[in-house]
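Asker: sequence and predicted structure below; questions after.
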Amino acid sequence: MESERPITPSTLSIKDLPWQILWDKEKCTLCGKCTAICPVNAIELGVFRKRLLDPPADIMQTPATAFKSYYGIRQKTDPAYRCIGCAMCTLVCPNDCIVPFRSDEADKLKFHVDQGGQPRRRGGRRNLPGGILDRLKFIRISMLTDPALDAGRHEFEMRTLLGRVLPPEENLKFLSVNGWIPPVREIYPLIIGAMSFGALSPTMWEGLQMGVAYLNEELGMPVRICTGEGGCPPRLLRSRFLKYVILQIASGYFGWDEIIHAIPEMKEDPCAIEIKYGQGAKPGDGGLLMWYKVNKLIAAIRGVPTGVSLPSPPTHQTKYSIEESVAKMIQSMYMAWDFRVPVYPKISGTSTALAVLNNLTRNPYAAGLAIDGEDGGTGAAYNVSMNHMGHPIASNIRDSYLTLVELGMQNQLPLIAGGGVGKNGNLAANAAALIMLGASGVQIGKYVMQAAAGCLGSESDRCNICNIGLCPKGITSQDPRLYRRLDAEQVAQRVVDLYLSFDTELKKIVAPLGRSTSLPIGMSDALGIDDPNVAERLKIKYVV
Amino acid sequence: MCRLFAITSKEPLSPMVALEALDVMREGHDCSGVGIFLRDLAGPFDEMKDAPILSGIFSDKGLKRLDTFMMDIGFMTKYKISVKLPKTPPAGVPKRDVYLIRAYEYPEEWEDLSQEQLYEQLLKIRLQLRAMGEEKNDMIVFSFWPDVIMIKEIGDPMLVARHLNLDRKELFARVIMAQGRQNTNYAITLYACHPFFIQGYSTMTNGENTAFVPIRSFLESRGFPGYTGYQSDSEVFTHILHYAVSKLGLGIETYKHVITPLQDEDLKDHPNRNFLKNLKQTCRPLIIDGPNCVIGCLPDHSLFMVQDRKKLRPGVVGGKPGIYAFASEICGLDAAIPNRDKSKDFQPMYLDTAIVGPGRQEVMLWNQKDPLPLPH
């Protein structure tokens, strides 16, 4: 070790890092579990030199100083090895002697994280706590003019529709004249949103699928899950469980060769097809599966070589206009399943959402529109896209719903809202608020990872390394040593827990509003907020 | 809570029969107002079943504007009831100039219009008059339709009745609906007072409609001029009925499938499940979430009652061939038809639609789980 550490522009001290490791020498047994588990090697066994002063009581003796060395945990300050705050060290420490703390000031790391000219890429979330959804209150409480309902004992039917619902005049006519109407699915309004096989580990995917199957088959809750762009395991494609799955097609078309070839062997139709045009976390940017995660299995399902990064283009390359991009793709996908499966596009939240929506209203096949707001999560994206690109979901959904109302089509094109639903843990409240603003259903991703698998991400830039396959919980890793940490059965159990508790909470919200027999879509008179500008923007009540 | 009473009788009855029944049930309402719907009229109107009758409240100025307006279109007054009012109204009843009940002759140019066009025009004129009245605050129009009279006022129903001297031969009718309360959930306005009326369909409701806002948005976006106003959350029940029967061509026994569809479990076993599942999906925004009891009258003079899925509101039907009544409470029924077979009284539950047809011979019951009748 050099006696003087070199000072370069990017030389950082521990204080400059976003996370600082606090280590207690007294309690540490030097077992080494923390250094072994750290996914980014941010800590190492260190040798520390310490001077001991030992002044003798006898003034006749010469004062003496002793130097000793001891072993302990040292935090690295190289940007490549900075602590990510995941606190796996704390989790495994038998003596509770180590814990990372969030720095008390803005870190300097962000100025130096681009070593080699490569801007920061990461997974996770926007890392901005708060948001408008948590501030919306449900203010229309039934009491004496009509009695509130008993959330525990009353009968409820909290279902929504996915598919093009024809207007009453046409529906009845179509049915009698054509004998065919566009396919419509009755589903639970909370959908597990697109997270691909590849972005998620095999155990996580299996756990989610098992949980969804259990909810459907044992508990009678028609919960649906979207595959994301990464194909679908061949056995699932050929199983009866496919009917609980929404297959996603995105601009990379990964896995679709396998899917198309499996069509003749499918026992059931999939629930729906989602065409991904955008993602809330990184609008205008394509999907990305970094090379770390492209192992043999993933490569086989996606039909690509192993060990290469898989960036999907930002747009569907073969299409050049909204008419082609949307109308033709929707129609092609319909034809693939003989017009039995609803097909809808998913876009990221954007100020141009209404243009897309208007186009869909004129397309008799479009089965809905999913909008993913800026608070949506991702397995891999550029930091700048995640933090600065996108549109909040609340006003996007509200504007879209009110546009449909103006056209009289609010029941025809279901809107599905996503992006930050439950990001602060208030899943049912956020979902109910979006439904009352006009959404027919909501999609969740990060919430499932947190609740069902113990994802460590929070809104404070904690962990966020989903992109490099080192997920310490094994949720987004393709390394068996990591994903074996996750038990698929236990994930399934937690999925069921989360849906049951959500269902109870949803009832606890709608019952006092006097609603039970239908989902209160667009029941905006129930919503209020303590900000007049937001109230005016969302056309809800201003309450203080 | 509101109290509702409706009666259909072979022999014409005074509106007081209904108001007295309401009075018996007065513990259940706050006597803040009254709304009356009369149809299948007797007396002078019996002779002019096709003549549209305008019902409303006018100031002297408003009446002049009305006369000019109607004459310009070509309507001639055929018959009118003159309501002589005492100088001072009873406490709680506002002072009005004129309660108008006036039958008109159609303009000559309208002779060639089809019935559908005629009905469209009548609706248009009522809406125009309402808009004119709202502009200058000098007229309130309740209905403009053949063989239909409506009277609404704020105040204790019995005081209003005596004030207007409703117990008069000219107002005898064979179908009467009455409701005893002003809307208290929203601002007091006579346009919020039940029963509501649109193109021959009328309903009144007990209970608040919690799904009012999404239903209103859906109706307003149907592009039909009559689906407007909505000073009361209960007005949508009338319009849903009109939409279901007149626009979608459904029968009254399907009305309940629109407003409170069967749950999926029950639907699975229904003989008409395919149709009903589609109906449930396509009419999803019209699902009421109750708790409501709806009593209504169809253009063919049938009366009906439906309860919502929760069945939290009271309602009973009873009577004997020739005379049947629907009431919120049994005491109301007792007041109007005391000498009936009470063992045959029926309280519709969450799956039932009770209908007394124009023949007034029996109470027909439709259970939602029953197969639907063949197409009309």
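Answerer: Looks like it arrived, so ask away.

Asker: for A:Pro283, which non-adjacent residue is spatially closest?
Answerer: A:Ser348 (3.6 Å; Cβ to Cβ, 6 or more residues apart in numbering or on different chains). All C-beta atoms are positioned from the backbone trio N, CA, C, and that covers glycine.

Asker: which residues touch the one you found?
Answerer: A:277-280, A:282-284, A:371-374, A:376, A:390-391 (Cβ atoms under 8 Å, 6 or more residues apart in numbering or on different chains).

Asker: recalculate using a threshold of 7 Å.
Answerer: Residues in contact with A:Ser348, defined by Cβ atoms under 7 Å, 6 or more residues apart in numbering or on different chains, are A:278-280, A:283, A:372, A:390.

Asker: got the phi and psi for B:Ala18?
Answerer: phi -70, psi -40 (degrees, to the nearest 10).

Asker: okay, now the domains of chain A?
Answerer: A:14-109, A:133-542 (automatic domain parsing).

Asker: so which of those domains is the most packed in?
Answerer: domain A:133-542 (a mean of 21; mean count of other Cβ atoms under 10 Å in any protein chain shown).

Asker: and the end-to-end length of that domain?
Answerer: Domain A:133-542 stretches 15 Å from its first residue to its last (Cα to Cα, to the nearest Å).

Asker: tell me the gap between that domain and the middle of its chain.
Answerer: Its chain's C-alpha centre and that of domain A:133-542 lie 10 Å apart, by Cα atoms, centre = their mean, to the nearest Å.

Asker: quick check: mean pLDDT of that domain?
Answerer: Domain A:133-542 comes out with an average pLDDT of 94.

Asker: returning to that earlier point: just send the contacts of A:Ser348 back as CSV, with secondary structure and distance to B:Leu166 too.
Answerer: Shown next, in CSV, are the contacts of A:Ser348 (DSSP: H, G, I helix; E, B strand; the rest coil; distance: Cβ to Cβ, whole Å):
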residue, secondary structure, distance to B:Leu166
A:Gly278, coil, 66
A:Gln279, coil, 68
A:Gly280, coil, 63
A:Pro283, coil, 67
A:Asp372, strand, 62
A:Gly390, coil, 65
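
Asker: just the element for the residue most central in space within chain B, please.
Answerer: For chain B, the residue nearest the mean C-alpha position is B:Ser202 (2.9 Å; Cα atoms, centre = their mean). Per DSSP states H and E, B:Ser202 falls inside strand B:201-206.

Asker: in stretch B:113-126, what's buried?
Answerer: B:118-123, B:125-126 (16 or more other Cβ atoms under 10 Å in any protein chain shown).

Asker: biggest separation within the residues you listed, which pair?
Answerer: Pairwise distances across the buried residues of stretch B:113-126 (Cβ to Cβ) peak at 12.9 Å, for the pair B:Leu118 and B:Arg126.

Asker: can you list contacts of the top helix by length along chain B?
Answerer: Secondary structure of chain B read by DSSP state H shows that its longest helix is helix B:115-136. The contact list for helix B:115-136, computed with Cβ under 7 Å, 6+ apart, reads B:52, B:62, B:65-66, B:110, B:113, B:139-141, B:143-145, B:199, B:225-226.

Asker: who does the helix or strand that comes right after that helix pair up with?
Answerer: Per DSSP H and E, the first helix or strand lying C-terminal to helix B:115-136 is strand B:139-146. Strand B:139-146 has its sheet partners listed here by DSSP bridges as strand B:52-58 (antiparallel).

Asker: and the partner strand, which residues are buried?
Answerer: B:52-58.

Asker: so which of those comes closest to chain A?
Answerer: B:Ile57 (26.5 Å; Cβ to the nearest Cβ).

Asker: which residues are in contact with the closest one?
Answerer: B:96, B:99, B:140.

Asker: looking at these, which has the most residues close by?
Answerer: B:Ile140 (23 neighbours; other Cβ atoms under 10 Å in any protein chain shown).

Asker: B:Gly56 is in contact with that residue, correct?
Answerer: Yes: between B:Ile140 and B:Gly56 there is a contact under Cβ atoms under 7 Å: 5.3 Å.

Asker: and the nearest residue to A:Val405 once chain neighbours are set aside, what is it in contact with?
Answerer: Closest residue to A:Val405 apart from its sequence neighbours, by Cβ to Cβ, 6+ apart: B:Ser217 at 4.8 Å. Neighbouring residues of B:Ser217 by Cβ under 7 Å, 6+ apart: A:405, A:410, A:522.

Asker: just those residues: which are in helices?
Answerer: Per DSSP H, the contacts of B:Ser217 map to helices at A:Val405.

Asker: can you tell me which of the contacts of B:Ser217 is closest to A:Cys93?
Answerer: Among the contacts of B:Ser217, and counting by Cβ to Cβ, the member closest to A:Cys93 is A:Gly522, at 50.9 Å.

Asker: look up how far A:Lys276 lies from that closest one.
Answerer: Counting by Cβ to Cβ, to the nearest Å, the gap from A:Gly522 to A:Lys276 is 26 Å.

Asker: for B:Pro157, same thing?
Answerer: As judged by Cβ to Cβ, B:Pro157 and A:Lys276 stand 62 Å apart.

Asker: how about B:Tyr243?
Answerer: For B:Tyr243, the distance to A:Lys276 - Cβ to Cβ - is 38 Å.

Asker: the stretch 201-350 of chain B against chain A: which residues are in contact?
Answerer: B:207-208, B:210-211, B:213-214, B:217-218, B:221-223, B:247-248, B:260, B:263-264, B:278, B:281-285, B:287, B:289, B:291, B:309, B:312 (Cβ under 7 Å from any Cβ of the partner chain).

Asker: try 6 Å this time
Answerer: Taking Cβ under 6 Å from any Cβ of the partner chain as the contact definition, the stretch 201-350 of chain B meets chain A at B:207-208, B:210, B:213-214, B:217, B:221, B:248, B:263, B:278, B:281-285, B:287, B:289, B:291, B:309.

Asker: buried subset of the residues you listed?
Answerer: The neighbour-count test (16+ other Cβ under 10 Å) marks B:207-208, B:210, B:213-214, B:217, B:221, B:248, B:278, B:281-285, B:287, B:289, B:291, B:309 as buried among these.

Asker: near chain B, which residues of the stretch 351-500 of chain A?
Answerer: Contact residues, the stretch 351-500 of chain A versus chain B (Cβ under 6 Å from any Cβ): A:405, A:408, A:411.

Asker: pretty sure the last one contacts A:Val165?
Answerer: Yep, that's A:Asn411 we're talking about. Yes: the criterion here is Cβ atoms under 6 Å, and A:Asn411 meets it with A:Val165 at 5.4 Å.

Asker: state which helix of chain A is the longest.
Answerer: helix A:488-510.

Asker: what lies in contact with that helix?
Answerer: A:138, A:151, A:156, A:158, A:190, A:203, A:206-207, A:210-211, A:214-215, A:427-428, A:432, A:451-453, A:520 (Cβ atoms under 6 Å, 6 or more residues apart in numbering or on different chains).

Asker: do that again at 7 Å, thanks
Answerer: Counting by Cβ under 7 Å, 6+ apart, A:138, A:151, A:156, A:158, A:190, A:203-204, A:206-208, A:210-212, A:214-215, A:221, A:223, A:427-429, A:431-432, A:448, A:451-453, A:516, A:520 sit against helix A:488-510.

Asker: what's the span of stretch A:262-276 from first residue to last?
Answerer: 21 Å.

Asker: no, scratch that, I was asking about stretch A:376-394
Answerer: Where stretch A:376-394 begins and where it ends lie 13 Å apart, using Cα to Cα.

Asker: also stretch B:317-336?
Answerer: Stretch B:317-336: ends 12 Å apart by Cα to Cα.
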